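Student: Got a predicted structure here, sequence first:
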Amino acid sequence: MAPPVCPCCGCRLSPEARVCPECGADEQTGWAQAWKAEAPGEEPFDYDEYVRREFGTQAPGWDRLRPAGVRWLWWFVGVGLLTLILLGWLLDFFGSLR
């Protein structure tokens with residue numbers, strides 16, 4: 001009986017296969033020694049460690065809202081301008097309803 005995956009090249013094998021169609025490995029040339037009846041289990045995956053490694057350990061907060069390189073003064077100026085534009089639009093909208 002063939003292993004589910006060729007231990008030499010990783011190609012999927014049918015249970016009736018006598019030779020790997022990709023690399024030519026067979027029971028005499030190698031897979032009988034490397035293959036075990038039990039498939040090896042997956043390594044445990046630590047999601048928290050992955051997030052720390054990829055994204056750093058900085059806690060989320062207000063400091064993460066600020067784009068890098070933009071000073072707080074310009075951040076508040078931008079928010080203030082957007083507020084004025086929205087306020088002007090609302091006054092115009094409700095003024096035209098009369």
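Tutor: Structure received. Model, not experiment: these values are computed from the prediction. Numbering: from 1, shown residues only.
Student: After the helix or strand of the chain with the lowest mean pLDDT, heading C-terminal, what element do we hit next?
Tutor: Among the secondary structure pieces of the chain, namely its helices and strands, helix 32-34 has the lowest mean (mean pLDDT, DSSP states H and E), a mean of 52. Heading C-terminal from helix 32-34, the first helix or strand you meet, by DSSP states H and E, is helix 47-55.
Student: Can you mark which positions in that next one are buried?
Tutor: Of the residues in helix 47-55, none has enough neighbours to count as buried (16 or more other CB atoms under 10 Å). The C-beta positions use only the backbone N, C-alpha and C, and glycine is treated the same way.
Student: pLDDT of that helix, averaged?
Tutor: Confidence over helix 47-55 (mean pLDDT, whole number) is 84.
Student: Any stretches of the chain with poor pLDDT?
Tutor: The chain contains residues with pLDDT under 70 at 1-2, 29-42, 57-70, 98.
Student: 90 instead?
Tutor: Across the chain, the stretches falling below the confidence threshold (pLDDT under 90) are 1-76, 92-98.
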